[in-house]
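**Student:** the following comprises the amino acid sequence and a computationally predicted model.
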Amino acid sequence: MTLDINYVREQFPGLNTDWVFMDNAGGSQILKGVVDNINEYYYSHNVQLGGSYEISQKAAAAYQKGRENIATFFNAARTEEIVFGPSSTILLQFLSKSMASQFQAGDEVIVTITDHESNIGPWVWLEEKGVIVKFWPMNKETYELELEELDKLMTNKTKLVAVVHASNLLGTINNVKEIAKFVHDRGAKICVDAVAYAPHRAVDVQDWDVDFYALSLYKTFGPHHAALYVRYDHLQELDGLYHYFYGKDKIPAKMEPGNANYELSYGSGAIVDYLVELGTQAGSTGSRRDKLVAAFDDITEQEMLIGERLLSYLRKRNDCTIIGIKDGMDPRRVPTIAFTIDGKDPEQVCIAMDKYKIAMRFGDFHARRLADSMDISKDNGAMRVSMTHYNTIEEVDALTAALDKVLRE
Ligand SMILES: Cc1ncc(COP(=O)(O)O)c(C=O)c1O
């Protein structure tokens, strides 16, 4: 492996503390390069866009650069296919609102039981228009979504399937390319929530042929900001959310009503600069996109190591139920690892872990319907250790040592 963990950690000033951050699926640390970009924007061209004067032009160019970088992150065919917004939740709500006129009473939408509410609620809202919402269940033994089950639900009235790329509770990666083909073959569109996937693997909206794809930049080493990919032809069809005099052709601004957050959009570009640098260090000599892909290969390798270290500890405990794939760091898993311990309240365990300066989390993680279906909501849900590539084996060992003590208390 070529990942230089010291270099990696130096890029995240927030890691310079005695806390161990194992709540990265809640929010990751931010890259220094992102903060520098945001400062640069504020200090050198914090003016309103659209002016004829030079600094306003520079501000517009910076905003455009941010969008270009994020388009590289998604591997979007066109820069305008990237819509910025404050959160994935809002972007998905905007999407359903701007698609509402495309639905008739009796049309069907399929959502999954494994999704975060952000990619369920906006589609359930369409019930007000007479749209029928169906739930794609998971196999309760394997915690997986199966195409045979989707097949049973899809009809010629199905217009959209909304699915999570990696569950923020199960850690399971769904095969989005396969699902997208299945859905398209049956004449529907696919909307993917990639919030819990994007920090872990390279995104490729063209290869997977998805229609809509959302992610949160604050969980992907950036600021509190989010991006939604909308395939260009679909973007043209969407109803605009901006003023009436901005027509359907004002792309993508019609999906970004009001003034967008220029500084965070520009700042987020440094996420891609960082990944390009990691790819260069990994020996890639190709395009920026090639380097980004090489970076994610190294990131995955590091995550496999630390994920397996934790899973093997949890597997050895006979009081522990791992939620999701447990047999090892299967490539279909991200290191977002939730579990319950017999007779232990997840809230109390997390509070006890605070004393050891281990930041982890408990609850249903807003995958409320999934937690309800597993009957864990009433017991404070589960504990979740969510790691990313800057976490180390030593940190996992500190976590398991602390957990040993806490669970003995
Ligand atoms: C899988 C998943 N989807 C959506 C969201 C919501 O993201 P945002 O806070 O950007 O709305 C989260 C946040 O935890 C998540 O984990």
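**Tutor:** Here it is on my side, so go on. Small disclaimer: the values here were computed from a predicted structure and weren't measured.
**Student:** only C-alpha atoms for contact and neighbour calcs from this point on.
**Tutor:** Will do.
**Student:** can you tell me the closest non-neighbouring residue to the closest residue to the ligand within the stretch 201-350 of the chain?
**Tutor:** Here the residue of the stretch 201-350 of the chain nearest the ligand is Ser216; by CA to the nearest ligand atom that distance is 4.5 Å. Nearest residue to Ser216 in three dimensions, chain neighbours excluded: Ala226, at 4.3 Å (CA to CA, 6 or more residues apart in numbering).
**Student:** on that earlier part again, what about the residue of the stretch 201-350 of the chain closest to the ligand, how many residues nearby?
**Tutor:** Residues within reach of Ser216, counting by other CA atoms under 10 Å, total 29.
**Student:** tell me the contacts of the residue nearest to Ser216?
**Tutor:** By CA atoms under 8 Å, 6 or more residues apart in numbering, the residues touching Ala226 are 84-88, 91, 214-218.
**Student:** re the thing from before, and the residue of the stretch 201-350 of the chain closest to the ligand, its phi and psi?
**Tutor:** Ser216 adopts backbone torsions of phi -110, psi 120, taken as degrees, to the nearest 10.
**Student:** touching, it and Tyr197? I think so.
**Tutor:** No. Assessed by CA atoms under 8 Å, Ser216 is found out of contact with Tyr197, at 10.0 Å.
**Student:** still on that earlier bit, list the contacts of the residue of the stretch 201-350 of the chain closest to the ligand.
**Tutor:** Counting by CA under 8 Å, 6+ apart, Ser216 touches 87-88, 195, 224-227.
**Student:** which residues in the stretch 101-250 of the chain form helices?
**Tutor:** Assigned by DSSP state H, counting those that start in this stretch, the helices in the stretch 101-250 of the chain fall at 121-124, 147-153, 176-185, 205-208, 232-237.
**Student:** same question, the stretch 251-400 of the chain
**Tutor:** Using DSSP H, counting those that start in this stretch, helices in the stretch 251-400 of the chain cover 262-281, 288-316, 346-354, 368-373, 393-408.
**Student:** so Asp107 makes contact with Ile132?
**Tutor:** Yes. Asp107 is in contact with Ile132 according to CA under 8 Å; the separation is 6.1 Å.
**Student:** quick check, pLDDT for the nearest residue to His243 once chain neighbours are set aside.
**Tutor:** With sequence-adjacent residues excluded and distances taken as CA to CA, 6+ apart, His243 is closest to Pro257, at 7.7 Å. With respect to pLDDT, Pro257 has a value of 95.
**Student:** residues contacting Pro257?
**Tutor:** Counting by CA under 8 Å, 6+ apart, Pro257 has contacts 241-243.
**Student:** closest to the centroid, which residue in the chain?
**Tutor:** Val195 (1.1 Å; CA atoms, centre = their mean).
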